[in-house]
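Trainee: Sequence first, then the predicted structure:
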Amino acid sequence: MFVRRRSGVVSAVLCGVLSVAGCSSTESGNAQPSTTDPAAAAAALWDPCSQVPDSMLTNLGLDVASKRSGILGAEEPGWKICSWDDVNFPSGFGIGVFSTIRTVDEVRAKPTNIEFKDVVIAGRNGVQFRQSHYKANEDCSIVFPTSTGFAQLDLLNTGTKAKSVPPCERLQPIAEAIVPLFPN
């Protein structure tokens, strides 16, 4: 989930599943935090706002000064959220990077997440999808399982000029650079 503020207008992008509290270690695959307190589990999550270097963001064409943490500056329990604008399309592309205690299975189960595609980025298996409430040329998300849940990259493409670049195509070089920073 990330929220962008543009010219006084707030637009929210919901990613993943926010309604489930806690996870268990009984599922196959990566062990998950066993706490039922999402805020406590999130305290130990990988934080994209502090772990993605400004120099990398600049090299990727993202505006470091546009960095936003959380939702309108407030942290979301069970999540670490950071987002930036694209320098070339400041009113069009918003890039979000998240870490959460949720699972990739929860992303797949959410009815508004569609068009799933298995991908390998920077040598790591992930799942690409989009949200059904956006047009195909407006949204691209990719999730990667981690030991605490998943990490995600999301691109929201709402500007008229920005629509000339497919969102997953623009997200690809960003993902190639940032995914190696994700925890295992």
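Mentor: Arrived safely. Numbering: from 1, shown residues only.

Trainee: Please, which helix or strand holds Trp46?
Mentor: Using DSSP states H and E, Trp46 falls within no helix or strand.

Trainee: My error: substitute Gly126 in the last question.
Mentor: Following DSSP H and E, one finds Gly126 within strand 124-131.

Trainee: So which residues of the chain form strands?
Mentor: Counting by DSSP state E, the chain has strands at residues 2-6, 9-13, 62-69, 79-86, 93-100, 113-121, 124-131, 139-146, 149-157.

Trainee: Report all helices and strands that the strand holding Gly126 contacts.
Mentor: Applying 3 or more CB pairs under 8 Å, 6 or more residues apart in numbering; DSSP states H and E, we find strand 124-131 packed against helix 104-109, strand 113-121, strand 139-146, helix 167-178. For glycine as for every other residue, the C-beta is placed from the backbone atoms N, C-alpha and C.

Trainee: Quick one: low-confidence residue ranges for this structure.
Mentor: Filtered on pLDDT under 70, the chain yields the residue ranges 1-36, 38-39, 162.

Trainee: can you list the strands of the chain in a markdown table and add distance to Gln172 and mean neighbour count?
Mentor: Shown next, in a markdown table, are these (distance: least, CB to CB, whole Å; neighbours: other CB atoms under 10 Å):
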| stretch | distance to Gln172 | mean neighbour count |
| --- | --- | --- |
| strand 2-6 | 19 | 19 |
| strand 9-13 | 19 | 12 |
| strand 62-69 | 14 | 16 |
| strand 79-86 | 13 | 24 |
| strand 93-100 | 12 | 26 |
| strand 113-121 | 7 | 14 |
| strand 124-131 | 10 | 20 |
| strand 139-146 | 9 | 23 |
| strand 149-157 | 10 | 26 |
